[in-house]
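Engineer: what shape does this take:
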Amino acid sequence: MKRKAWKAAFPYTIPIFAGFWFLGMTYGIYMHVSGFSFWYPMLMSLTIFAGSAEFVAVNLLLGAFNPLQALVMTLMLNARHLFYGISMLDKFKGTGWKKFYLIFGMCDESFSINYTADIPADVDRGWFMFFVTLLNHFYWFFGATLGGVFGSLIHFNTEGLDFVMTAMFVVIFLEQWLKDKTHTSALLGLGLSVLCLIAFGSEQFLIPAMAAILGVLTLLRKPMEKGGDAA
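Structural biologist: The predicted structure follows:
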């Protein structure tokens, strides 16, 4: 059962490996350049597992001790996971002890896969989601540790490597677009995001956009489900 779930989950995570390896390496190198031993990116990637927060943590560690600022900053950066968690409530039911790790290890990429993947009928859903989460966690840990260890040996311009993740999300969006018969939710997401971007600016639009998407999709859930059944 576990082996079958691992074999089903692994192909979904291959694109994530490419993105996490490069971005994790960038994070490890950044930590090394900032004066931290490889133990820091290794342990932080293992216990925090939040890429954006880990990058910001470098400046927090170098600055004056301010736990309140760190708390608010981390909450703002990862507030989107509140919406991810709400969306995964039903999917995490019946997963037993694995639920605790699924909650801890849920990142953008794991959420995207576990929420949209077509899990084969003969594969245990809980173990599939567990291995998706575990593999993605390992990819980030591996890249960050490698970057911290070999940071002093690598001499090239890493500017722009973070675009790997943006490109990957575009691919995931396009794949989901091709799979869906109707594109109502995707168009609503794009439209509401653009409106919030115009209204709140590029630095403040993410949380209002996700709140608006959640609210509108909640209101339109039943009509959309009826439309899907009719199709």
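
Engineer: what's the weakest-modelled helix or strand in this structure?
Structural biologist: None of the helices or strands of the chain scores lower by mean pLDDT, DSSP states H and E than helix 221-230, at a mean of 62.

Engineer: gap between Gly201 and Leu188?
Structural biologist: Noted for Gly201: a distance of 21 Å to Leu188, by C-beta to C-beta, to the nearest Å. For glycine as for every other residue, the C-beta is placed from the backbone atoms N, C-alpha and C.

Engineer: of those two, which one has the most company?
Structural biologist: Leu188 (16 against 9; other C-beta atoms under 10 Å).

Engineer: ok, now how distant is the more buried one from Phe111?
Structural biologist: Leu188 sits 18 Å away from Phe111, going by C-beta to C-beta.

Engineer: and stretch 145-153, which residues are buried?
Structural biologist: 145-149, 151 (16 or more other C-beta atoms under 10 Å).

Engineer: Leu197 and Phe205 touch, don't they?
Structural biologist: Yes. In this structure, Leu197 is within contact of Phe205 by C-beta atoms under 8 Å, at 4.5 Å.

Engineer: the two - which one has more neighbours?
Structural biologist: Neighbour count, other C-beta under 10 Å: between Leu197 and Phe205, Phe205 has more, with 19 against 15.

Engineer: pLDDT score assigned to that one?
Structural biologist: If you check Phe205, the pLDDT there is 81.

Engineer: repeat for the one 3 residues further on
Structural biologist: The per-residue pLDDT reported for Pro208 equals 84.

Engineer: for it, what are its contacts?
Structural biologist: For Pro208, the contact set (C-beta atoms under 8 Å, 6 or more residues apart in numbering) comprises 196, 199-200.

Engineer: what about it, which SS state?
Structural biologist: When classified by DSSP: H, G, I helix; E, B strand; the rest coil, Pro208 comes out as helix.

Engineer: and which of the contacts of Pro208 is nearest Met129?
Structural biologist: Cys196 (29.8 Å; C-beta to C-beta).

Engineer: my guess is the closest one contacts Ile213. True?
Structural biologist: No. Between Cys196 and Ile213 there is no contact under C-beta under 8 Å: 9.0 Å.

Engineer: now do the same end-to-end measure for stretch 107-127.
Structural biologist: With C-alpha to C-alpha, to the nearest Å applied, stretch 107-127 spans 17 Å between its terminal residues.

Engineer: what are the contacting residues of that stretch?
Structural biologist: 1-2, 4-6, 8, 12-13, 16, 19-20, 49-51, 80, 84, 87-88, 91, 94-96, 98, 102, 106, 128-129, 132-133, 136-137, 140, 168-169, 172, 176, 179.
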